[in-house]
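Peer 1: one predicted model, sequence on top.
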Amino acid sequence: MKRPPRILGLVRGSSYDALTEQHSKAEARAGRLAQQLEETKADSRGWKGKTEEATSALKKAQDAAATAQKQLRQAEKQRDEQSRNARKLKDESDKLRKLQEARAAELALLKQRLAESERDLIVAREQLMAIEVKLDILEGAANVLDGRTRDIATRRSGGVGTESGSAV
Amino acid sequence: MAALSDAGIGTPARSPALSIVLTGRNDDHGVDFRTRFFRTLRFNAEQLAAQGIAHEFVFVEWAPPPERPRLVDLVFDAVPGLEPGRCAWYVVDGRYHQALSLNPRLAYHEFIAKNVGIRRARGRFVLTSNCDVFLGRAVLDVFASGRLEPRLVYRAQRYDLKENVGEEGVAWADLEDPQNLARPPRALTLPFMAGATGDFLLVDRESLHQVRGFNEIYRAARFGIDRNFLVKAISSGLSIVDIGGPVYHVDHTGSYHLTADEYAGREHEAPWGNRGWHSRGVSYVNPPTWGLQHAPTQRVAPGQWHLDFSWDAVPPMVDLKGVVLPASRVGRPSPGRYTATRAPARSR
């Protein structure tokens, strides 16, 4: 028999079967592909969530980094300030130490002068004590001699003796 | 060292171990002086004899009033137990008092009188005390045991007893009864251990001669001369120690404790002179003739002498070189602080 003309839309049975089989296979393949597509879509959705999570985590990390950066800058600023303060304090400390050394030297000198003054004062007081005792003696002697002189003068003039009457 | 016993030393006529130098006169000093003196002398003589302590009493009757009997003429009747052989009695012509005077208000040169006794004492140790001071039990024990050392000035606390104590005779119970204390005793404190110093000063005779007795240069006050001796002693390298027990004194009218306030505000009129003189701040150098060395001495009876007056025996009225500063010694106390207590000008 002769081959049906294709222009009539007619195929031979074997071709039809082959085509049917191909159609089935294609449908199966399309089904598989649809399934794969769905799986891929689901995967895609999972990856998208993960991407969002990662993005969020990244943003948090970036925020934390920014915060840390900011803190770091603040710390550096504080460090610089503390360094300046430390230098200032050190300078002041050096000044005070030098002043203290100067004062200590001055104090030692003053102590030495005080000790010398105390010694001088003790010597002066001792001398003063001796002088006052000597003055007592001289004053006593003068009084006694005065009394004796008055007695003698009174006796010579024939008058009455003085109260002390200490002439010998 | 050997005990101060008769057995160890020999008879007192030779060389007693202990001389007790006292001075006084029959002038009713402190009211009823004779009674107080005799009862004290009786007690002390009895106790010294009871302990067998070789001793002599060296008594200086300073410028006795001519109108009254002298103590030397009364004492052996008043104190029958007193052995004349244990007594050396010196009566000092009254003109010495006037010749030595630098303050007419001082009626008695107590410490120059004591110097007269010290100078003539023969004991190895010499105690200068006062006529109304009872020796304490511990003091007698030290004498008896001979625990005395040279180069030491021994001091004793004085316990002042109430005025009525001992009126009927004195016994240990009277002296040692705390109820009889007139006031709490003053503690002896270093460095000088002063306080009633004139009532008990015991030193070996050699040291006493080395320091030449009490101050004879400053004769304007009677007060503080005894303390001044302590300054001199320390300055001379002697040490001052507490003998370990008290002596006793019965308060009486005229006691310094009872009369000091009477002269408040007019201290320069007090019979003891200026209390504020620098007795703790200065020392002295007596002339080598201290204690009226050159006074003509007339023996009037065994154990009794009279020191006749002679200007040769009188030290210079003013001897300013004899006023010196105490020597500083390592580890020794420094002289007393200066105090501006000089009395106002003293008029006669």
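Peer 2: Thanks, I have it. Numbering: from 1, shown residues only, chains lettered A, B, ... in the order given.
Peer 1: which one of the residues in chain B is closest to chain A?
Peer 2: Proximity of chain B to chain A (Cβ to the nearest Cβ) peaks at residue B:102, 3.2 Å away. C-beta coordinates here come from the backbone N, C-alpha and C atoms, glycine included.
Peer 1: quick check: which ranges of chain A have low pLDDT?
Peer 2: For chain A, applying pLDDT under 70 flags the ranges A:1-6, A:159-168.
Peer 1: residue in it nearest to chain B?
Peer 2: residue A:140 (3.2 Å).
Peer 1: and whatever helix or strand that residue lives in, how far from the chain's centre?
Peer 2: Residue A:140 belongs to helix A:13-156 when assigned by DSSP states H and E. Chain-centre distance of helix A:13-156: 1 Å, with Cα atoms, centre = their mean, to the nearest Å.
Peer 1: same question for stretch B:172-190.
Peer 2: Put simply, stretch B:172-190 sits 20 Å off its chain's centre (Cα atoms, centre = their mean).
Peer 1: quick one: mean pLDDT over it.
Peer 2: What stretch B:172-190 shows for mean pLDDT is 91.
Peer 1: got the buried residues for that stretch?
Peer 2: Of all the residues in stretch B:172-190, those buried under the rule 16 or more other Cβ atoms under 10 Å in any protein chain shown are B:174-175, B:180, B:182, B:188.
Peer 1: same question for stretch B:240-249.
Peer 2: Those would be B:240, B:243, B:245-249, for stretch B:240-249 by 16+ other Cβ under 10 Å.
Peer 1: which among those residues gets closest to residue A:37?
Peer 2: Among these, residue B:240 lies closest to residue A:37 (Cβ to Cβ), at 126.8 Å.
Peer 1: can you name the residues bridging to the closest one?
Peer 2: Assessed by DSSP bridges, residue B:240 has beta-bridge partners residue B:153.
Peer 1: rewinding a little: verify the stated contact: the residue of chain B closest to chain A with residue A:135.
Peer 2: No - Residue B:102 lies out of contact with residue A:135 (Cβ atoms under 8 Å); the separation is 11.8 Å.
Peer 1: neighbour count winner among the two?
Peer 2: Of the pair residue B:102 and residue A:135, residue B:102 is the one with more neighbours under other Cβ atoms under 10 Å in any protein chain shown, namely 24 against 13.
Peer 1: what sits against that one?
Peer 2: Contacts for residue B:102 (Cβ atoms under 8 Å, 6 or more residues apart in numbering or on different chains) come out as A:136-137, A:140-141, A:143-144, B:218-220, B:317.
Peer 1: can you put the residues you listed in CSV and add distance to residue A:99 and neighbour count?
Peer 2: What follows is the contacts of residue B:102, written out as CSV (distance: Cβ to Cβ, whole Å; neighbours: other Cβ atoms under 10 Å in any protein chain shown):
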residue, distance to residue A:99, neighbour count
A:136, 53, 24
A:137, 55, 23
A:140, 59, 24
A:141, 60, 18
A:143, 62, 22
A:144, 65, 25
B:218, 54, 27
B:219, 60, 24
B:220, 57, 24
B:317, 63, 17
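Peer 1: which among these gets closest to residue B:71?
Peer 2: Nearest to residue B:71 among these is residue B:219, at 23.5 Å by Cβ to Cβ.
Peer 1: what's around residue 86, how many residues?
Peer 2: Reading this off chain A. 12.
Peer 1: hmm, I had chain B in mind actually
Peer 2: 20.
Peer 1: and residue A:93, by the same measure?
Peer 2: As a burial measure, residue A:93 scores 12 neighbours (other Cβ under 10 Å).
Peer 1: residue B:88 falls within a helix, correct?
Peer 2: No - counting by DSSP: H, G, I helix; E, B strand; the rest coil, one finds residue B:88 to be strand, located in no helix.
Peer 1: any idea what it is bridged to?
Peer 2: In this entry, residue B:88 is beta-bridged to residue B:58, by DSSP bridges.
Peer 1: residues in contact with it?
Peer 2: Here residue B:88 is in contact with B:56-59, B:120-122, B:303, B:305 (criterion: Cβ under 8 Å, 6+ apart).
Peer 1: and if we set it to 10 Å?
Peer 2: The contact partners of residue B:88, taken as Cβ atoms under 10 Å, 6 or more residues apart in numbering or on different chains, are B:12, B:16, B:19, B:21, B:56-60, B:117, B:120-122, B:303-305.
Peer 1: skipping its backbone neighbours, what lies nearest residue B:122 in space?
Peer 2: Residue nearest to residue B:122 in three dimensions, not counting chain neighbours: residue B:15, with 5.5 Å by Cβ to Cβ, 6 or more residues apart in numbering or on different chains.
Peer 1: can I assume residue A:144 is in contact with residue B:105?
Peer 2: No - the criterion here is Cβ atoms under 10 Å, and residue A:144 misses it with residue B:105 at 11.1 Å.
Peer 1: pull out the buried positions in stretch B:200-209.
Peer 2: Buried positions in stretch B:200-209, judged by neighbour count with 16+ other Cβ under 10 Å: B:200-205, B:207-209.
Peer 1: what's the answer for stretch B:218-227, then?
Peer 2: Using 16+ other Cβ under 10 Å as the test for burial, stretch B:218-227 gives B:218-227.
Peer 1: ok, and which of these reach chain A?
Peer 2: Checked against chain A using Cβ under 10 Å from any Cβ of the partner chain, the buried residues of stretch B:218-227 give the following subset in range: B:218-221.
Peer 1: just flag the most distant two among the residues you listed.
Peer 2: Farthest pair in those (Cβ to Cβ) is B:219 and B:221. Separation: 8.0 Å.
Peer 1: give me the common contacts of the two.
Peer 2: With contacts taken as Cβ under 10 Å, 6+ apart, the residues that reach both residue B:219 and residue B:221 are A:136, A:140, B:102-103, B:106, B:273.
Peer 1: many thanks, have a good one.
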